[in-house]
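S.K.: structure of the sequence below:
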Amino acid sequence: MICVDTSVWIAALRARDSAAGRRLDGLLDGDEVALPIPVRVELLSGVSRAQEPRLRRALSGLPVLFPTDSTWDRIDGWVRLAGERGQRFGVGDLLIAAISVDRGLPVWSLDNDFGRMQRLGFIEKFDAESA
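M.R.: A predicted model of the protein is given here:
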């Protein structure tokens, strides 16, 4: 199971025949995609009214992951540690990352912030090219 970030979904939805689109389709077919709630909200809030019902139906078949009290504790610790190392992250990315770590899942993202989080030892990134 892999937590797929909004950046991957957007790339795949814009170009279904792209590398990201093909890889995401394969993961979806294998029931390997988990949907952190912030990603679901970002996707549904960014889609047109005409496309929203179709996307909502497509996402409804995926397991949605929600934050817990430990998620927020983890984020609090990360903010402190990242700040000590001169790093800053947006709350949405931190929430997606912490939810994935809570579940022991890697994150697939095209956003460089997740690479920085991995270098800090916060998360494991999914490498779509080698997997």
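
S.K.: which parts of this structure are helices?
M.R.: Taking DSSP state H to define them, one finds helices in the chain at 6-14, 19-29, 37-46, 52-59, 69-84, 91-102, 112-119.

S.K.: by mean pLDDT, flag the weakest helix or strand of the chain.
M.R.: The weakest-scoring helix or strand in the chain, judged by mean pLDDT, DSSP states H and E, is helix 52-59 (a mean of 90).

S.K.: picking up where we left off before, most neighbours per residue, which of the helices of the chain?
M.R.: With neighbours defined as mean count of other CB atoms under 10 Å, the helices of the chain peak in mean count at helix 91-102, which reaches a mean of 22. All C-beta atoms are positioned from the backbone trio N, CA, C, and that covers glycine.

S.K.: helices or strands next to that helix in the packing?
M.R.: Other elements packing on helix 91-102 under the criterion 3 or more CB pairs under 8 Å, 6 or more residues apart in numbering; DSSP states H and E are strand 2-4, strand 33-36, helix 37-46, strand 64-65, helix 69-84, strand 107-108, helix 112-119.

S.K.: so how far is the fourth one off the chain centroid?
M.R.: Going back to what we said before, that points to strand 64-65. Relative to its chain's centre, strand 64-65 lies at 11 Å (CA atoms, centre = their mean, to the nearest Å).

S.K.: can you lay out the helices of the chain as a markdown table showing distance to Glu129?
M.R.: Converted to a markdown table, those look like this (distance: least, CB to CB, whole Å):
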| stretch | distance to Glu129 |
| --- | --- |
| helix 6-14 | 13 |
| helix 19-29 | 8 |
| helix 37-46 | 21 |
| helix 52-59 | 25 |
| helix 69-84 | 26 |
| helix 91-102 | 19 |
| helix 112-119 | 14 |
